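J.: structural data only, the sequence is not supplied:
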């Protein structure tokens, strides 16, 4: 079964089942190999609130992730 077929079947599931599947898939991923401190998170929040950084949409993030995987 191809990924496209799985995506099509998953998209047809009711919302609750899609959410459960998404949770399962996220929890099946390995832990990231880096840590982010509370201080770094606080600094990034401060930067966003101060308008010092540009935010991107989820779709832009998604395109970037898939582009990186294609390399």
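T.: Cool, the structure landed. This one's a predicted model, so the numbers in the text were calculated from it and none came from an experiment. Numbering: from 1, shown residues only.

J.: break down this protein into its helices, ranges please.
T.: Per DSSP state H, the chain carries helices over the ranges 3-11, 15-28, 38-49, 58-70.

J.: touching the third one from outside, list them.
T.: Going back to what we said before, that points to helix 38-49. Contact with helix 38-49 is made by 53, 55, as judged by CB atoms under 8 Å, 6 or more residues apart in numbering. For every residue, glycine as well, the C-beta is placed using N, CA and C.

J.: can you pull up the most central residue in the chain?
T.: By CA atoms, centre = their mean, the chain has its centre lying nearest to residue 62, at 7.2 Å.

J.: re earlier: using CSV, lay out the helices of the chain together with mean pLDDT.
T.: Listed next are those as CSV, based on pLDDT from 0 to 100:
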stretch, mean pLDDT
helix 3-11, 96
helix 15-28, 96
helix 38-49, 95
helix 58-70, 87
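
J.: so what pLDDT did the residue located most distally from the centre of the chain get?
T.: No residue in the chain sits farther from the centre than residue 50, which is 24.2 Å out by CA atoms, centre = their mean. Per-residue pLDDT puts residue 50 at 97.

J.: if I look at it, how far off is residue 44?
T.: 11 Å (CB to CB, to the nearest Å).

J.: what do you get for residue 59?
T.: From residue 59 to residue 44 the distance is 21 Å (CB to CB).

J.: then residue 63?
T.: For residue 63 relative to residue 44 (CB to CB), the value is 21 Å.
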